[in-house]
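# How does the following fold in three dimensions:
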Amino acid sequence: MTSPVADAARLVAFPITAAAVGAVTAAVHQISTRTSSLVQHFAAGVVFAAVAGEVLPDLRNQHSVAAVVIGFTIGVATVVALGAYERHAETQAETRPGIPRALLAAIVIDLLIDGLLVGIGATLGEGQGRTLTIALTLEVLFLGLSLAAELRQRQLATATVIAVPIAASLAIAVGAISGAAVLAHASHTTLAGILAFGAAALLYLVTEELLVEAHETPDTTWHVIAFFTGFLILFTLEG
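Sure, this is the predicted structure:
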């Protein structure tokens, strides 16, 4: 049996690869808003299935209401603050040339949290780690696409457009490995609080990021189908 740290190190290879694929794709090909919205709907369905099928049942099994409430509250406060910072960073990025450093910093923080969730999954067990990794891999794929598209619009060198999202994605490895190392011998109460924090982050990701941005493009039947297909695929894999 491998350790949670080793499992986390193995699992983070998938979202980092997804970031590279997204960066390269956006660097050499302009992604249409329709395609981007379809990807976001599909990813939202997958993440929602991860929350409903893995995270929430695990929270119930922890039987630590106080830790869950505290962790969830801290998680909500964190993601709301990060969302406000990201909106401010995006406003700054519109008026400044070169690499949008503030926006990049917000993305790195977001990826650190994603990595922490992978570390939590690796600590809880193989099934949870796999499910959370699949869900977050799709989110990171979209982040790689969107960040590379932003850099391409700024007419930066192709090498820079590809390298920056890949470098940023390494934050996932930092969050996952450090999270698994710290939580490997954590108490059930601590795990409950951290898992509740992760649940808040995932719910925010679905409702305030993926779907909000996806709905900037008018929905079609295919967008709705993409969401439920993503949900059904991951829900089936969980079983």
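# hey, let's count contacts and neighbours off CA atoms from now on
Noted.
# okay but Leu181 is in contact with Ala6, surely?
One correction, residue 181 is Ala, not Leu. No: taking C-alpha atoms under 8 Å as the definition, Ala181 is not a contact partner of Ala6, at 9.4 Å.
# Give me the next element, helix or strand, following the helix or strand bottoming out on mean pLDDT in the chain.
Within the chain, no helix or strand scores below helix 56-62, which has a mean of 78 by mean pLDDT, DSSP states H and E. Using DSSP states H and E, the helix or strand that follows helix 56-62 towards the C-terminus is helix 65-93.
# one step back: Ala181 and Ala6: which is more packed in?
Taking Ala181 and Ala6 together and counting by other C-alpha atoms under 10 Å, Ala181 has the greater number of neighbours (19 against 14).
# Distance check, the more buried one against Gly127.
18 Å (C-alpha to C-alpha, to the nearest Å).
# excluding its backbone neighbours, what's nearest Arg34?
For Arg34, ignoring the flanking residues on the chain, the nearest one in space by C-alpha to C-alpha, 6 or more residues apart in numbering is Thr217 at 6.7 Å.
# cool, and Thr133?
Val118 (5.9 Å).
# and the next element down the chain from whichever strand or helix holds that neighbour?
Following DSSP H and E, one finds Val118 within helix 101-124. For helix 101-124, the following helix or strand on the C-terminal side (DSSP H and E) is helix 126-153.
# elements contacting that next one?
Secondary-structure packing of helix 126-153 (3 or more C-alpha pairs under 8 Å, 6 or more residues apart in numbering; DSSP states H and E): helix 4-11, helix 13-28, helix 33-50, helix 101-124, helix 158-183, helix 221-238.
# Now do the first one: which elements does it pack against?
With contacts defined as 3+ C-alpha pairs under 8 Å, 6+ apart, helix 4-11 has these neighbours: helix 101-124, helix 126-153, helix 158-183.
# and His185, which of the three is it?
Following DSSP: H, G, I helix; E, B strand; the rest coil, His185 is assigned to coil.
# Count the residues that sit near it.
Residues near His185, counting by other C-alpha under 10 Å: 12.
# Kindly report the same for Leu124.
For Leu124, the neighbour count with other C-alpha under 10 Å is 18.
# Check Pro100 too.
So Pro100, with other C-alpha under 10 Å, has 19 neighbours.
# again with Ala200
Around Ala200 there are 21 other residues, counting by other C-alpha under 10 Å.
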